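A.B. asks: This is a predicted model, with the sequence first.
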Amino acid sequence: TAQGTGDTYTVSVGSNPSAQICGVTNGSGTIASTDVTDVTAACGFTISGTVLGHVPGYDFDLALNGGDVLAIGSSGAFTMPVGVADGSAYAVSIDAQPGFGTCRVLQGSGTVASAAVSTVDVICLSAGNIMGANLNLNADVTTAVGSGSTGVNNNTNPLLATVKPVTMATDGEKIYIAEEFGNHTIRVFDLVTGEVSTLAGGNAGGGTACSGPNNANCMNGFGTDARFLNPRGITTDGTYVWVADPGNSRVRQVEIATGEVTTFAGEGTPATTDGIGTSAQFQAVRDITTDGTYLYVVDEGAHVVREIEIATRNVVTVAGTANSAAFADGTGSGARFNSPAAITTDGTYLYVSDGNNNRIRRVEIGTWVVDTLAGTTTPGSIDGVQFTGQLDNPRGLAIDLDTLYVAGNANNTIRMVDLATGTLSTLAGSGITTPTALDGNGTSATFNTPHGVVTDGISLFAVD
């Protein structure tokens, strides 16, 4: 229909064709005594996919080809706001991270080939590797890092690198590896390039436990100038890595960008004293996790769970009684642990491997009520419903939305605990007592005393 001089006009897309998005350029204005001839419409195929692991309250932005930003406020399906023309390249990227961990894009780039693209995946891991979605594991076990020989040799081929790992953490792009057993280092495995490098620490730790801030075994510094003594637990928020350094009775902090190592908490003398930063004392801090606001630590030597507020470095004991090795559910100091070895969180609960009690314990954050999720007094490898399945000296823990993954240290398996029912099942490992390291599917694979486990949102990684 014709428009008169002085009339306003708007040309818009009434409906899009299947699998495409159309847009109008120069589609509105005012008639100025002449025909309008510069309105154009262009259509492009849709670019869509799925977000996994979004943490409520921590939104982020996706960009298409460096622009056209889409705000992400939940897990689930998404479609970028504009289409891409047939034969043109597309690239979906993280325009702004959520500020609570790291998101990364998989299958995010390519060329449109006369069809919509629906296979872009965005995987998010929050601080402490909290997973907001379920893993879809096929139980195929393959070697990801390590030649099988000992040492601290870096390599661009991860299967030629030498590592002596004990625990891991990831920001979704890199896996950070704590190495004790003589290496005393924090290593990095790049999930994109496969390169293995050293972030901090030299392999000259050795010797006795730290006796003061100038002792050679607990030196702060940058990169390989810093020293650890048998670092074990490790966690990250994507900016810092925090390390449980039991040989030095300290929690250390490593800035990822610079490799600078500082003492975050712990005076250095083995004891169990709450306090601020280096006025606090740890007996034998074994593992560590974070929810982004607090660090949570299992002090294996003292049989307790400790909390460290990141902003203030205030250390308090929240569950268990110091130097009282036993088994008891209860609240706070009314509960008992026996050599707790690992800890993880879903933001609501802490999950603890209670090593010498052969159980998985659960601690509600804030109330500090402790109960038992799985396992019995008797060590073993039996699968079964809550309190009939058996564990044997459980170690490392990783978590997704519904399942807790457990490194079965003494029975050479990777186990699963259903968070709703406490049912125990075996994901991988034959359970044979003869230590071997055979790749394979499920129970046809073998492990040699697995310790730490971690997920990047796609696979489960296990320290062997």
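C.D. replies: In hand now; what should we look at?
A.B. asks: Take the lowest-mean-pLDDT helix or strand in the chain, keep the C-alpha atoms, and write them as PDB.
C.D. replies: Ranking every helix and strand in the chain by mean pLDDT, DSSP states H and E puts strand 102-106 at the bottom, with a mean of 85. Output of strand 102-106 as PDB, limited to C-alpha atoms (Å, rounded to 0.1, in the frame of the first residue of the first chain):
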ATOM      1  CA  THR A 102      34.000 -20.900  33.400                       C
ATOM      2  CA  CYS A 103      31.800 -21.700  30.400                       C
ATOM      3  CA  ARG A 104      33.200 -23.000  27.100                       C
ATOM      4  CA  VAL A 105      31.700 -23.600  23.700                       C
ATOM      5  CA  LEU A 106      32.000 -26.900  21.900                       C
END
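A.B. asks: Could you name the helices and strands sitting against it?
C.D. replies: strand 89-96, strand 117-125 (3 or more CB pairs under 8 Å, 6 or more residues apart in numbering; DSSP states H and E). C-betas here are computed from N, CA, C, even on glycine.
A.B. asks: could you dump those strands to JSON lines with distance to Ala169 and mean neighbour count?
C.D. replies: Below are the helices and strands packed on strand 102-106 laid out as JSON lines (distance: least, CB to CB, whole Å; neighbours: other CB atoms under 10 Å):
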{"stretch": "strand 89-96", "distance to Ala169": "20", "mean neighbour count": "17"}
{"stretch": "strand 117-125", "distance to Ala169": "10", "mean neighbour count": "21"}
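A.B. asks: Export those as a markdown table, with columns for distance to Val261.
C.D. replies: Shown next, in a markdown table, are those (distance: least, CB to CB, whole Å):
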| stretch | distance to Val261 |
| --- | --- |
| strand 89-96 | 28 |
| strand 117-125 | 23 |
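A.B. asks: Let me know the angle separating the least confident helix or strand of the chain from strand 117-125.
C.D. replies: 160 degrees (axes from the mean of the first three to the mean of the last three CA atoms, to 10 degrees).
A.B. asks: can you give me the angle strand 102-106 makes with strand 89-96?
C.D. replies: Going by the same axes, to 10 degrees, strand 102-106 makes 170 degrees with strand 89-96.
A.B. asks: Count the neighbours of Gln283 for me.
C.D. replies: Counted with other CB atoms under 10 Å, residues neighbouring Gln283 total 21.
A.B. asks: Tell me which residues touch it, please.
C.D. replies: Neighbour list for Gln283: Ser249, Pro270, Ala271, Thr272, Asp299, Glu300, Gly301, Ala302, Ala322, Asn323 [criterion: CB atoms under 8 Å, 6 or more residues apart in numbering].
A.B. asks: Contact partners for the closest residue to the third one other than its chain neighbours?
C.D. replies: Okay, so that is Ala271. Leaving out its chain neighbours, the residue that sits closest to Ala271 by CB to CB, 6 or more residues apart in numbering is Gln281, at 3.8 Å. Residues in contact with Gln281 (CB under 8 Å, 6+ apart) are Ser249, Gly266, Glu267, Thr269, Pro270, Ala271, Thr272, Thr273, Gly275.
A.B. asks: Of those - the most surrounded one?
C.D. replies: Busiest of these [other CB under 10 Å] is Gly266, holding 30 neighbours.
A.B. asks: what about the spatially most central residue of the chain, distance to Ser88?
C.D. replies: Centroid-nearest residue in the chain, with CA atoms, centre = their mean: Asn129, separated by 2.3 Å. Separation of Asn129 from Ser88 (CB to CB, to the nearest Å) stands at 36 Å.
A.B. asks: Strand partners (parallel or antiparallel) of the least confident helix or strand of the chain?
C.D. replies: Strand 102-106 has the following strand partners under DSSP bridges: strand 117-125 (antiparallel).
A.B. asks: Please tell me how far the strand it pairs with is from the chain's geometric centre.
C.D. replies: 17 Å (CA atoms, centre = their mean, to the nearest Å).
A.B. asks: Which residues does it contact?
C.D. replies: Contacts for strand 117-125 (CB under 8 Å, 6+ apart): 45-55, 60, 62, 72, 78, 84, 90, 92, 94, 98, 101-108, 110, 131-132, 170-172, 455-458.
A.B. asks: filter those to the buried ones?
C.D. replies: Among those, those buried by neighbour count (16 or more other CB atoms under 10 Å) are 45-55, 60, 62, 72, 78, 84, 90, 92, 94, 98, 101-105, 108, 131-132, 170-172, 455-457.
A.B. asks: which residue sits closest to Thr25, ignoring its sequence neighbours?
C.D. replies: Nearest to Thr25 is Thr40, by CB to CB, 6+ apart, at 4.7 Å.
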